[in-house]
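Asker: Got a sequence here, can you model it:
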Amino acid sequence: METLEGGMSSMPLQSQESAMAPQVRASCGCGGAGGDCKCHEKVQSNGLAVYPFVYALGKIQPRCPRLELEKEFAQATGRAETMGLTDRQALHAVLSKRQNRYLVRNLCWVFSVEGLETYILQPRDATDLELLVESLRPAPSPLDLDVVIGVRGPIPPLDYCNGLMVPIVVFDQLYSFDRDALLKAIPHPEGIAAKQFEAVAGELFEHLLQMADNAGGTDEHRAMNYLIVRYPAIYALASERHGRDNSLTGVEVRPSALSGIRKIVEVIFVYRNRTTDVTEKFAVRVDVTGEFPFLVTKLSPHYDH
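Answerer: Numbering: from 1, shown residues only. Sure, this is the predicted structure:
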């Protein structure tokens, strides 16, 4: 299967909660396959319809699913001004042109987590093809990261993406950034030097990112992924605890006792003092009922009952 690699976009503002995602028309999910398949399916739970939401961290790569599309892409590249460009820069230049949007529509956009192919991406709205183009990077870096928020659907037909058997995700939001851009965007707490804060925040980010080696499909994983990229208070806490000679010894993610009609997840950060060995815990609660998680309670001291 031919892999097309390629630029960087900007971080978004805080998302707002969405209502339960409506059923998407069949035509939006399997355009390249020519088949009549649904973009996503409802999962029945206790007689109620539950949508399998996704909030995942990984990387996006476009691929040519068919030989004729690969040849068409080569012809479009030949017509473009690509002198002096690398292959990745040429890819970005070609797909960024409005007249080549038909290529964007027919490519397979594969989302991978830690190098493992996890989803095939489809926009809910055709105008969001622009978000896929913006996810391309003329000069990719190991620090690049893409975030996809959407609804998981079925595995497409064999002829859709050259036999790649992973679920389709119909996305509502998609954005890209790199590690350094994220850390620089986090507000620095007062009284803490910027360089020190970025060092501590970077260490926490890497630690949590290892925990976020997941498909972003469970409530616990969605809550954790949301906090990593949307809640700067966890980085401020890490810096403050570091100044008190504390080490992060664990992160616990579990359903909250506050859950009722809505699904709420509790994320607990465990810090231990290096000198006294005293352990302190801090918790934040996240509502994961809908497609877009949001805070229920802010980060505060936690005491086991």
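Asker: Take stretch 150-164, keep the C-alpha atoms, and write them as CSV.
Answerer: The C-alpha coordinates for stretch 150-164 follow below in CSV (Å, rounded to 0.1, in the frame of the first residue of the first chain):
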residue,chain,number,x,y,z
GLY,A,150,-15.4,11.8,16.4
VAL,A,151,-17.6,8.7,16.2
ARG,A,152,-16.3,5.2,15.5
GLY,A,153,-18.1,3.2,12.8
PRO,A,154,-17.7,-0.2,11.1
ILE,A,155,-14.8,-1.7,9.3
PRO,A,156,-15.2,-0.7,5.6
PRO,A,157,-15.3,-3.1,2.6
LEU,A,158,-12.0,-4.7,1.5
ASP,A,159,-11.8,-2.6,-1.6
TYR,A,160,-12.1,0.7,0.2
CYS,A,161,-8.6,1.3,1.5
ASN,A,162,-6.6,-1.5,-0.2
GLY,A,163,-7.7,-4.1,2.3
LEU,A,164,-6.9,-2.1,5.5
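Asker: Flag every buried residue along it.
Answerer: 150-153, 156, 160-161, 164 (16 or more other Cβ atoms under 10 Å). (Glycine included, C-beta is placed from N, CA and C.)
Asker: swap in stretch 240-259?
Answerer: 240-242, 246, 248, 251, 253, 256, 259.
Asker: can you tell me the average pLDDT over that stretch?
Answerer: For stretch 240-259, the mean pLDDT works out to 90.
Asker: sorry, back to before: narrow the buried residues of stretch 150-164 to those in strands?
Answerer: Among the buried residues of stretch 150-164, DSSP state E puts 150-152 in strands.
Asker: Just confirm Ala238 contacts Ala201, I think it does.
Answerer: Yes - using Cβ atoms under 8 Å, Ala238 is in contact with Ala201, at 6.5 Å.
Asker: what residues are shared contacts of these two?
Answerer: Contact criterion Cβ atoms under 8 Å, 6 or more residues apart in numbering; residues shared by Ala238 and Ala201: none found.
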